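>>> I would like to see how this sequence folds:
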Amino acid sequence: MKRLRAMGLDDFTLVLDRGFFSIGNVELLLENQTDFIMAIPERYEAVDRVISRVIKTIEKPRYLEKFNDEIIFVKGVEIKLGDKQLKAFCYYNPARAQQERDSFYKRLFNIKEQVERLKPDKNAGRKIADIIRGLEKYFSIQVSHHGVRVQIKEKAVARRLNRKGIYLIAYNGNYTWDTCLASYKEKELIERGFDILKNDLEFTTPHIRKDTTLKGLMFICLLALIIQMRIMNVLKRAGLLKSYSFERLVIQLEKLKAIVMEDGQIIYSELTKKQKELLQPFDAEPKY
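Residues are numbered from 1 along each chain as shown. Sure, this is the predicted structure:
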């Protein structure tokens, strides 16, 4: 904040993920009258109480909204942290909640299967601890000479699943629920772009001496990032992003061959079903 203001920037909004959330940071932001939008973790008792209260009422028509063609429920809440009163929006996404429930149930079932296959020998305890690490409170396990018996604790699972699909975003300033959500999702998009630059495009710390060479490399990487993000956006709109990553798309399409005949005619190798599925959203199927 000091650096931004030293540069003459007074009208700005900090968009922060939950890693920045602490009572000290929130108090500092409010005392300095800084606009911010920040996700809230659930580790605070005050936050836990708000979520427990909101869960019972949020899925009502009066809180129904639509964001990017997704149905969500939104409710404004206030959270008391220390001496400060923090404004926030509580979001509930039913589709996301169901996906998270399915994923959690699959995880529990896979763990149950793995543990029940173990032999009840002297190493069973250590192996069980390795398999269920971090999820101990959801299982009741008995080891006897007959085998390993596993039960999933229904009440513990229910308490966790009740909170699926719910998340809170705090704010300071004159912001609506959709502005807060859009700003936070834009932050995730920027982070994703940097992740692609560093990991997919391998743009780390290049061994370059001249600034002009570095700027040229950065420009080429930026073009590559734009192309990759555009391709992924098309895949997402076509509903294919769940089945194909960018790498899988490249692997499939690099198998497509174009043969140039002596008379200049171009003949393409026969398209596979997957190649047709990937090329169709781009309207790029070869003309035979």
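
>>> give the contact list for T179.
I37 (CB atoms under 8 Å, 6 or more residues apart in numbering). Every C-beta, even on glycine, is put in place using the N, C-alpha and C of the backbone.

>>> swap the cut-off to 10 Å and go again
With contact set as CB atoms under 10 Å, 6 or more residues apart in numbering, T179 has these partners: 13, 37, 89, 171, 173.

>>> thought the third one was touching Y175?
So the one you mean is F89. Yes. Counting by CB atoms under 10 Å, F89 touches Y175, with 8.6 Å between them.

>>> Return every residue with contacts to both of those two.
With CB under 10 Å, 6+ apart, F89 and Y175 have common neighbours 37, 169, 181.

>>> hmm, back to that, the more surrounded of F89 and Y175?
Remark: of F89 and Y175, F89 carries more neighbours, 22 against 18, as counted by other CB atoms under 10 Å.

>>> How about that one, nearest residue that isn't a chain neighbour?
Spatial nearest neighbour of F89, excluding adjacent residues (CB to CB, 6 or more residues apart in numbering): W177 at 4.6 Å.

>>> For the one you found, give me its contacts.
Per CB under 10 Å, 6+ apart, neighbours of W177: 63, 65, 67, 72, 74-76, 88-91, 169, 171.

>>> are any of these buried, and which?
The neighbour count (16 or more other CB atoms under 10 Å) marks 63, 72, 74-75, 88-91, 169, 171 as buried among these.

>>> Which of these fall within strands?
Among the buried ones among the contacts of W177, DSSP state E puts 72, 74-75, 88-91, 169, 171 in strands.

>>> Just flag the most distant two among these.
I72 and Y171 (16.7 Å; CB to CB).

>>> Show me where the stretch 151-288 of the chain has its strands.
Along the stretch 151-288 of the chain, the segments classed as strands by DSSP state E, counting those that start in this stretch run 166-172, 258-260, 266-268.

>>> cool, the stretch 1-150 of the chain as well?
Taking DSSP E, counting those that start in this stretch, the strands of the stretch 1-150 of the chain run over residues 13-16, 35-40, 64-67, 70-81, 84-92, 139-144, 147-152.

>>> May I have the strands that pair with the second one, each with its orientation?
Read it as strand 35-40. Under the criterion DSSP bridges, strand 35-40 sits next to strand 13-16 (parallel), strand 166-172 (antiparallel) in its sheet.

>>> just the longest one next, same as before
As defined by DSSP bridges, the strand partners of strand 70-81 come to strand 64-67 (antiparallel), strand 84-92 (antiparallel).

>>> Please work out the average pLDDT along that strand.
For strand 70-81, the mean pLDDT works out to 90.

>>> Could you check how many residues crowd around K185?
Neighbourhood size, K185 [other CB under 10 Å]: 12.

>>> my bad, should have said Y44
For Y44, using other CB under 10 Å, the count is 15.

>>> coming back round to it: out of the strands paired with strand 70-81, the one nearest I55 is which?
Per CB to CB, nearest to I55 of the strands paired with strand 70-81: strand 84-92, 8.2 Å.

>>> Nearest to I226, out of the strands of the stretch 151-288 of the chain?
Checking those against I226 by CB to CB gives strand 258-260 as the closest, at 24.9 Å.

>>> gap between K80 and I23?
Distance of K80 to I23, given as CB to CB, to the nearest Å: 11 Å.

>>> E285 touches K276, doesn't it?
Yes. Using CB under 10 Å, E285 is in contact with K276, at 6.6 Å.

>>> who has more neighbours, the two?
The neighbour count for E285 versus K276, taken as other CB under 10 Å, is higher for E285 (13 against 10).

>>> residues in contact with that one?
Contact analysis of E285 by CB under 10 Å, 6+ apart lists 268, 271, 275-276, 278-279.

>>> and I132, what pLDDT?
pLDDT, I132: 88.

>>> what about it, how many residues close to it?
The burial count for I132: 19, using other CB under 10 Å.

>>> Correct me if wrong: it contacts Y138.
Yes. Assessed by CB under 10 Å, I132 is found in contact with Y138 at 8.0 Å.
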